[in-house]
Each structure stands twice: as structure tokens, then as C-alpha cells.
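Participant: take this sequence and fold it.
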Amino acid sequence: MCTVVIDVAETGSRLLAVRDEDPQRPWDDLGEWWPDAFPGVIGIRDRRAGGAWLAMDPQARRLAVLLNRADVLGLAEEAVLSRGSLALESVAGRSPERGPLPMHGFNLLEVTPAASRVLHWDGVELRETRVPAGVHMIAHDDLDDPRTARIDAWLPRFADARPEDAGWAARWVGLLAESAKLSPDDDRAIIRDNNAHGYPTESLLYCTAEVSADAATVHSHVLAEPGHWG
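Facilitator: The predicted structure follows:
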């Protein structure tokens, strides 16, 4: 139940991404973990499956973030493939193009200097949503989906603090800190403890990133305690 806030402008895109995962599942912070298969790519690695939650190719100016989504997949669990390859393949220029896919549901946010889009897979249909100019949020449903309580609560606030200068990351992180005054099991919370909602996941870190024709950069910030701002 991760969350991404993204601002799309003529000069490129800026985003804030919060990762929710089982704290017991081993992972590695931002680094070049795939030098043979994906040289130059940096990302947050899932050690168990070897894939990435977030991946960036700074030279190609591509970024991708993977968010889980509910699905109606009818495959046996042993036949289901990991979604961890999706972000890595995306920044290498190989996005999924059609279903069916032997994977659980996902929202795959893809960012380039020219455009941003979300690929949605629900076990039946692979859809595409172009991200228009302006500030948007996505989690486990559709882009800017008001059914997602944290989007309904915080999208207007992030839009009001729209990035316009080099201080954008500090403003958005400050707003993230304000949101963390909510209890982490509050459905409006962005820094989350999802155990109360039936999922053994908690917020582990957040990343800020920029993608433009001139450069692509990403920075990660690991929370001292999962599910809590500190």
C-alpha cells in the first residue's frame, strides 16, 4: 500500500514516494545492485526476489516505481511471477504491453522527461493512464482516486505546495511530516502501519526524485522505526 506524489511540468517531473513493505522481508537501500543485467541502474532492491520497488537509470533519464494493487488473478500461487522485475525492465525501455500477465495486481508508474504514465494490472486487463500536468497521487487504486482516503485527504495540500524551485523536496517532506501526526493505522495516513487493515506491511522509507532532460536524481531516507516518522 505504497504512496507516490508526483508533479508533472514542462521541464520534467518531481516525486515523493513512500514504500510500505513487511519489515521482516530483507531489502537493500538505494544502490547499483544489478551491474550485469542492468548496468548503471540504481534502485531499492528486494533481496528475496532480486527485483526493485523503485529503479532509475540516470543516463537514460528513466524512473519507475511499483505499487501493489488488488487483483482477481486465478492462478495457483506457485505459478505467479514476482512483480519485482517490472521497474527494472521499465527503466531499460521494456514495459509490459499486453495481458494476461502471470503476476498479482500492480500500478507501475513510469517517468521520463517527456511524459509520465501509470500501467494498471488487475489480473484481467492491462490499462494505461497518462499523468497530466500538475500534482497527482497514486496508491493501490487509480490515479487521484478519491476512494483512497490518504489521496482524498492530502492531494489538495500537496497541490497547494506544488514544486516551483529548488526547495520543493523540503516543502513536500515537511507536509509528509505533518501527515505523520495521524496515527499510522489511520486510513488517511501516508506513513502507515497496515496491520490493522489486514496487511503485514509498514512504511519503511521515502524517496524524493527528479527527472528532466538535463538530469535524473533520486535520494532515499530510511525511517528509524517502520511505520513511524520518528
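
Participant: okay, helices next: where are they in the chain?
Facilitator: With DSSP state H, the ranges of helices along the chain come out as 85-91, 149-160, 168-179.

Participant: winner for burial among those?
Facilitator: Most buried of the helices of the chain, by mean neighbour count (mean count of other Cβ atoms under 10 Å): helix 85-91, with a mean of 24. In this view, the C-beta of every residue, glycine as well, is placed from N, C-alpha and C.

Participant: residues in contact with the residue nearest to A149 when sequence neighbours are not counted?
Facilitator: With Cβ to Cβ, 6 or more residues apart in numbering as the criterion, A149 has its nearest non-adjacent residue at 4.1 Å, and that residue is D187. Listed by Cβ atoms under 8 Å, 6 or more residues apart in numbering, the contact set of D187 reads 149-150, 197.

Participant: output these as JSON lines; include the columns pLDDT and distance to G74.
Facilitator: Written out in JSON lines, the entries for the contacts of D187 read as follows (pLDDT from 0 to 100; distance: Cβ to Cβ, whole Å):
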{"residue": "A149", "pLDDT": "97", "distance to G74": "29"}
{"residue": "R150", "pLDDT": "98", "distance to G74": "30"}
{"residue": "H197", "pLDDT": "90", "distance to G74": "24"}
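
Participant: any idea how far R48 is from the residue most central in space within the chain?
Facilitator: Centroid-nearest residue in the chain: V65, 3.9 Å away (criterion: Cα atoms, centre = their mean). Counting by Cβ to Cβ, to the nearest Å, the separation of V65 from R48 is 19 Å.

Participant: E110 too?
Facilitator: The value you get for E110 to R48, if Cβ to Cβ is used, is 24 Å.

Participant: which one's more surrounded, the two?
Facilitator: Set side by side, E110 and R48 show unequal neighbour counts under other Cβ atoms under 10 Å, the larger going to E110 at 20 against 12.

Participant: ok, that one touching S95?
Facilitator: Yes. Between E110 and S95 there is a contact under Cβ atoms under 8 Å: 6.4 Å.

Participant: need the strands for this structure, in chain order.
Facilitator: In chain order, the chain shows strands spanning 3-9, 12-21, 27-31, 42-46, 52-57, 62-68, 106-111, 116-121, 126-130, 134-138, 202-212, 216-222, with DSSP state E as the criterion.

Participant: the nearest residue to G50 once chain neighbours are set aside: how many residues sit nearby?
Facilitator: In this structure, G50 finds its nearest non-sequential neighbour in G84, 6.6 Å apart by Cβ to Cβ, 6+ apart. Each residue near G84 was counted by other Cβ under 10 Å, and the total is 20.

Participant: identify the residues contacting G84.
Facilitator: Remark: with contacts taken as Cβ under 8 Å, 6+ apart, G84 is in contact with 46, 49-53, 66.

Participant: of those residues, which is the most crowded?
Facilitator: Highest neighbour count within those: A52, with 30 neighbours (other Cβ under 10 Å).

Participant: so that one versus S85, what's the distance?
Facilitator: In this view, A52 and S85 are 8 Å apart by Cβ to Cβ.

Participant: as a quick check, tell me the outermost residue of this structure.
Facilitator: Centroid-distance maximum for the chain: A76 at 26.5 Å, with Cα atoms, centre = their mean.

Participant: so how far is P102 from it?
Facilitator: Using Cβ to Cβ, one gets 10 Å for the distance from A76 to P102.
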